[in-house]
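Engineer: Provide a 3D model corresponding to the input given below.
(one chain, ligands or ions: 1)
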Amino acid sequence: MNTDINYKETLEEIYHTVKSEKNLGEIANYIPELAKTDPDNFGIYFSSIANEEYGIGDWETKFSIQSISKVLSLSMAYHLIGDKIWERVGVEPSGNAFNSLVQLEADKGIPRNPFINGGAIVICDFLISHLKKPKEEFLHYIKELSGCEDISYSESIAKSEWSVGYRNIALCNFIKSFGNIENDPDEVLDFYFNMCSIQMNCSDLTKTFTFLKDSTFTNSSGHRVLTTSQVKRINAIMQTCGFYDESGEFSFKVGLPGKSGVGGGIVAIFPEKYCITVWSPKLNEKGNSYRGMKFLEAFTTKTKLSIF
Ligand code: GLU
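Structural biologist: Alright, predicted model coming up:
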C-alpha cells in the first residue's frame with residue numbers, strides 16, 4: 001500500500017464532500033420492495049491488502065446486493081465447471097441494458113457476458129445442474145468466502161421480483177428456446193431471483209470479495225476457491241462488463257474492476273491492494289449508484305490508486 005496516504009482521513013473527507021452535494025437519481029422502483037429503501041443511506045467499507053479496515057456512514061446496514069451476486073455465482077460455477085462455461089456464455093461487453101433481449105436472437109441464445117441478466121441466468125442454470133441443493137449450497141459458499149454467518153436471502157425481495165419479473169422470465173424462456181437452458185425455467189428463475197435478493201452490509205461484501213483482492217486467499221474452511229488465472233479472468237470481466245452499458249464510463253472515471261447492483265451497491269477491487277464497497281440506493285439513468293460512482297471517482301483520483 002502507498003503508506004503516504006491516510007486512508008481513513010481520505011475516505012472520510014470524500015464521504016462528507018459527496019454527502020454535502022445533491023443526491024441525484026432514482027431508487028430502483030421497478031422492484032416494488034426495493035422502492036422502500038431509504039434513499040439517503042450512504043455507507044462505505046474499505047479493506048487494504050494488509051487488512052487495514054474502515055467503515056463510514058451506514059456501512060452496517062444490510063441492503064439487497066442484486067447483480068453484485070452475479071460475480072459470486074460466476075466464481076462458484078467457474079470453480080465447479082471450469083472453462084466449459086464459456087461455451088454457453090461470452091465475455092464481451094454488451095453495450096446494452098442489463099435486461100435487454102435484442103442481441104440474443106442474433107447470438108443464438110448465447111448471452112454476451114455473465115453479468116447481464118441473460119448471462120447470469122445461464123450461470124444459474126449451470127449451478128442448478130451441478131448442485132443438489134443450489135440455494136443452500138450457494139449461500140454456504142458465500143458464508144465461507146466472507147467468514148460471516150449472518151447472510152441470508154430476502155424472501156420478500158425475491159417474491160417482489162418474481163411479481164414483476166416479466167423481462168427475466170422472457171429472457172430465460174428465450175434462451176431455453178435456443179437450447180441454452182437445461183433446467184425448468186421456473187426453477188432457474190427462482191434461483192436467480194433469490195440470488196439477487198441476498199442481503200449484506202458493506203463490510204460483509206468487502207470481506208466476501210477478498211478472494212479477488214488477495215491472491216493468497218483461502219476461505220473459512222482453508223480452501224482456495226479459484227486459481228490465479230481464474231481470479232485474473234473474473235477481475236477482467238468486472239473491468240469490462242461490471243457496470244451494464246456504463247462499463248466504459250466506470251473504467252474511464254474510476255479505473256478499477258468492479259460490479260454494481262440496482263440495490264445501489266458497488267464493490268471495486270484493486271488486486272493485491274484493496275477492496276472497497278460503497279452503498280447509496282439512488283441510481284443514475286444507467287442503473288449504477290449515483291453517489292457510489294462519484295465517491296469512487298474521487299477516491300481513485302485523490303489517492304492515485306487506480307489500476308491504470
Ligand atoms: N434482480 C435484478 C434484475 O434482474 C438485478 C438487476 C441488477 O442489479 O442489475 O432486474
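Engineer: got the contact list for the residue nearest the centre of the chain?
Structural biologist: Nearest residue to the geometric centre of the chain (C-alpha atoms, centre = their mean): I68, 1.5 Å. By C-beta atoms under 8 Å, 6 or more residues apart in numbering, I68 lies in contact with 205, 259-261, 263, 265-267. To be clear about C-beta, it is placed using only N, CA and C from the backbone, and glycine gets the same treatment.
Engineer: Okay, now the unreliable bits of the stretch 1-150 of the chain?
Structural biologist: 1-3 (pLDDT under 70).
Engineer: which residues in it form strands?
Structural biologist: Taking DSSP state E, counting those that start in this stretch as the test, the strands found in the stretch 1-150 of the chain are 43-48, 53-57, 63-64.
Engineer: So which of these is the most surrounded?
Structural biologist: strand 63-64 (a mean of 26; mean count of other C-beta atoms under 10 Å).
Engineer: Check which helices and strands it sits against.
Structural biologist: strand 199-200 (3 or more C-beta pairs under 8 Å, 6 or more residues apart in numbering; DSSP states H and E).
Engineer: could you redo the last one with a cut-off of 10 Å?
Structural biologist: helix 155-163, strand 199-200 (3 or more C-beta pairs under 10 Å, 6 or more residues apart in numbering; DSSP states H and E).
Engineer: Nearest to N284, out of these?
Structural biologist: With C-beta to C-beta as the criterion, N284 lies closest to helix 155-163 of the helices and strands packed on strand 63-64, at 21.0 Å.
Engineer: Tell me the first helix or strand C-terminal of the closest one.
Structural biologist: Next helix or strand after helix 155-163 toward the C-terminus (DSSP states H and E): helix 166-177.
Engineer: so what secondary structure elements neighbour that next one?
Structural biologist: Here helix 166-177 touches helix 102-106, helix 117-130, helix 155-163, helix 185-197, going by 3+ C-beta pairs under 10 Å, 6+ apart.
Engineer: Could you rerun that using 7 Å?
Structural biologist: Applying 3 or more C-beta pairs under 7 Å, 6 or more residues apart in numbering; DSSP states H and E, we find helix 166-177 packed against helix 117-130, helix 185-197.
Engineer: got the residues of the stretch 1-150 of the chain near the ligand?
Structural biologist: Proximity of the stretch 1-150 of the chain to the ligand (C-beta under 6 Å from any ligand atom) is limited to residues 66-67, 98-99, 117.
Engineer: Which of those residues fall in helices?
Structural biologist: N117 (DSSP state H).
Engineer: Narrow the residues of the stretch 1-150 of the chain next to the ligand to those that are buried.
Structural biologist: The neighbour-count test (16 or more other C-beta atoms under 10 Å) applied to these identifies 66-67, 98-99, 117 as buried.
Engineer: Can I get those in JSON lines including distance to S289?
Structural biologist: Output for those, formatted as JSON lines (distance: C-beta to C-beta, whole Å):
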{"residue": "Q66", "distance to S289": "11"}
{"residue": "S67", "distance to S289": "12"}
{"residue": "F98", "distance to S289": "14"}
{"residue": "N99", "distance to S289": "18"}
{"residue": "N117", "distance to S289": "18"}
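Engineer: Mind picking the two most distant members of those?
Structural biologist: Largest pairwise distance in those, by C-beta to C-beta, is 11.9 Å, between Q66 and N99.
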